[in-house]
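S.K.: How does the following fold in three dimensions:
(one chain, ligands or ions: 1)
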Amino acid sequence: MCATALLALTQPWADDGPPPGSGDLPALARAHGVDLGVAVAVEPLLRDGDYQDVVEGHYTSVTAENTMKWEHVQPERGVFDWSGPDAVVGFAEDRGMNVRGHTLLWHNQQPEWLSQGEWTSDELRGVLREHMEALMGRYQGRIGAWDVINEPFEDGGPFLRENLWYQVLGEDYIAEALRMAHEVDPQARLYINEFNIEGGGAKADALYALAADLLDRGVPLHGIGFQSHFVHGQVPENLAETMTRFTDLGLEVTVTELDVRIAEPVSEEAVQEQREEFRHVVAACLDVPACQGVTVWGVSDAHSWIPEWFPGYGAATPFDEDYAPKPALWGMVDALSREPSERSATRTAPGAGGRSRVRR
Ligand code: G3I
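M.R.: Now for the predicted structure:
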């Protein structure tokens, strides 16, 4: 581990530093039986030692931020590019980390041949099966949980998004895709991953109704991903409560894409307050026995999607643009520093589909 990453465990960002004896974040997460994950990009993961050290030194799992999406995996029909996915999975396996699979059905980042194609329902089913067999099949037994359905509801909800899959296969495409994914990898934990649901409301209610209906019909749905792209000052207090509604259905939940964006100019006060916001989210997961973990969306502020997508906002991750740890990192340490509860031992092995995890 190089100096920059070691600093992350020993040096405070400002006056308020890490809690005394906070030590090793991955060890703390594992003691609670949860994953602490991070979304990674391929280029820096392969070439930037500081980036690698932050990932390895602070997290127990990774999600491919982009490289497992259709446009990257299958840029032309029947032509698969495994360079990115193999790099991410290889990096994780070499370090005893878990991998979350992201994502199989989404309205974004589809190659043109797919999104512009004229499909009959049978043709599209065939294309989907080929894709699942190739991607899930390649990493079977190595990726324990998949975001099978990503963002099925309209941004503001509560209606289903009329994406390609909806248009061609009808609204039951969700059940169909989950069943297909289960046939392809019967061990994998299969998720619906959604945003703007974390504080409850009409969209969360609609997702709840969908999940309950799928379970009633015996559809293999195992979990709900709470993306958790938050705005500083608006992190929902009732996150654990919302998650518990879903776990009461017998589902697991995971915080899959956590970031907390701050309006520019970013004040030191806001950066300090963000510590409590990251603490709150990790603590909410620990409060919910079936919560499998928390994944942060982006290794550092230099790699975050926020400035491109929300001009005027930034500083959304626990590391700054030079990989210096921020109070947000200590917020996660704060949450994980509490005594693991007895229930920690009974959690489903995160990211491993209920199987035991391989750790170095
Ligand atoms: O690959 C091209 C590169 O060749 C080009 O030079 C560069 C120029 O801007 O763009 C690159 O593509 C970018 C791509 O990420 C890969 O970095 C796109 O512009 C950019 O729009 C794209 O954004 C991604 C976004 O999904 C696309 O919808 C973000 O990185 C990624 O963080 C984001 O992730 C999503 C989750 O999958 C689902 N939930 C929401 C989340 C945030 O949107």
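S.K.: all contacts plus neighbour counts: C-alpha atoms, from now on.
M.R.: Will do.
S.K.: residue in the protein nearest to the ligand?
M.R.: residue 305 (4.8 Å; Cα to the nearest ligand atom).
S.K.: Which positions in the stretch 201-350 of the chain make contact with the ligand?
M.R.: Residues of the stretch 201-350 of the chain that fall close to the ligand, judged by Cα under 6 Å from any ligand atom: residue 305.
S.K.: which regions of the stretch 201-350 of the chain sit below the pLDDT cut-off?
M.R.: Scanning the stretch 201-350 of the chain for pLDDT under 70 picks out 342-350.
S.K.: Walk me through which strands the longest strand along the chain pairs with, and which way each runs.
M.R.: Ranked by residue count under DSSP state E, the longest strand found in the chain is strand 252-263. Next to strand 252-263 in the sheet, as set by DSSP bridges, lie strand 223-226 (parallel), strand 229-231 (parallel), strand 291-296 (parallel), strand 313-314 (antiparallel).
S.K.: Please identify the deepest-packed of those.
M.R.: strand 291-296 (a mean of 28; mean count of other Cα atoms under 10 Å).
S.K.: Going C-terminal from that one, what's the next secondary structure element?
M.R.: Using DSSP states H and E, the helix or strand that follows strand 291-296 in sequence is helix 306-309.
S.K.: and stretch 25-42, which residues are buried?
M.R.: 25-26, 28-42 (16 or more other Cα atoms under 10 Å).
S.K.: My error: substitute stretch 190-205 in the last question.
M.R.: 190-200, 203-205.
S.K.: So which of the residues you listed sit within helices?
M.R.: 203-205 (DSSP state H).
S.K.: Closest one to residue 100 out of the residues you listed, please.
M.R.: residue 204 (22.5 Å; Cα to Cα).
S.K.: I figured that closest one hits residue 193, correct?
M.R.: No: counting by Cα atoms under 8 Å, residue 204 does not reach residue 193; the two are 11.6 Å apart.
S.K.: can you list contacts of the strand or helix carrying residue 210?
M.R.: Secondary structure from DSSP H and E places residue 210 in helix 202-216. Contacts to helix 202-216, defined as Cα atoms under 8 Å, 6 or more residues apart in numbering, come from residues 153, 156-159, 175, 196-198, 220-221, 246, 249.
S.K.: cool, stretch 151-159 as well?
M.R.: Under Cα under 8 Å, 6+ apart, the answer for stretch 151-159 is 106, 160-161, 192-196, 202-207.
S.K.: and the strand or helix carrying residue 334, C-alpha only, in CSV?
M.R.: Element membership for residue 334 (DSSP H and E) is helix 327-336. Taking C-alpha atoms only, helix 327-336 is exported to CSV below (Å, rounded to 0.1, in the frame of the first residue of the first chain):
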residue,chain,number,x,y,z
PRO,A,327,-14.8,13.6,7.1
ALA,A,328,-17.3,11.5,5.2
LEU,A,329,-14.9,8.6,5.5
TRP,A,330,-14.7,9.0,9.2
GLY,A,331,-18.5,9.1,9.3
MET,A,332,-18.5,5.6,7.9
VAL,A,333,-15.8,4.6,10.5
ASP,A,334,-18.0,6.2,13.2
ALA,A,335,-20.9,3.9,12.2
LEU,A,336,-18.8,0.8,11.9
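S.K.: which helices and strands does it pack with?
M.R.: Using 3 or more Cα pairs under 8 Å, 6 or more residues apart in numbering; DSSP states H and E, the elements in contact with helix 327-336 are helix 25-32, helix 268-287.
S.K.: That one versus helix 25-32: what angle between them?
M.R.: Put simply, helix 327-336 runs at 30 degrees to helix 25-32, going by axes from the mean of the first three to the mean of the last three Cα atoms, to 10 degrees.
S.K.: How far does helix 327-336 sit from its chain's centre?
M.R.: Computed by Cα atoms, centre = their mean, to the nearest Å, the separation of helix 327-336 from the middle of its chain amounts to 18 Å.
S.K.: Equivalent analysis for stretch 108-115, please.
M.R.: The answer for stretch 108-115 is 22 Å, by Cα atoms, centre = their mean.
S.K.: what mean pLDDT does that stretch have?
M.R.: Stretch 108-115 shows a mean pLDDT of 98.
S.K.: again, but for stretch 30-39
M.R.: So the average pLDDT for stretch 30-39 ends up being 98.
S.K.: near the ligand at all, that stretch?
M.R.: No: Stretch 30-39 is not in contact with the ligand by Cα under 6 Å from any ligand atom; minimum separation 8.0 Å.
S.K.: which parts of the stretch 51-200 of the chain sit against the ligand?
M.R.: Within the stretch 51-200 of the chain, the positions adjacent to the ligand are 65, 108 by Cα under 6 Å from any ligand atom.
S.K.: do that again at 5 Å, thanks
M.R.: Counting by Cα under 5 Å from any ligand atom, the stretch 51-200 of the chain comes close to the ligand at no residue.
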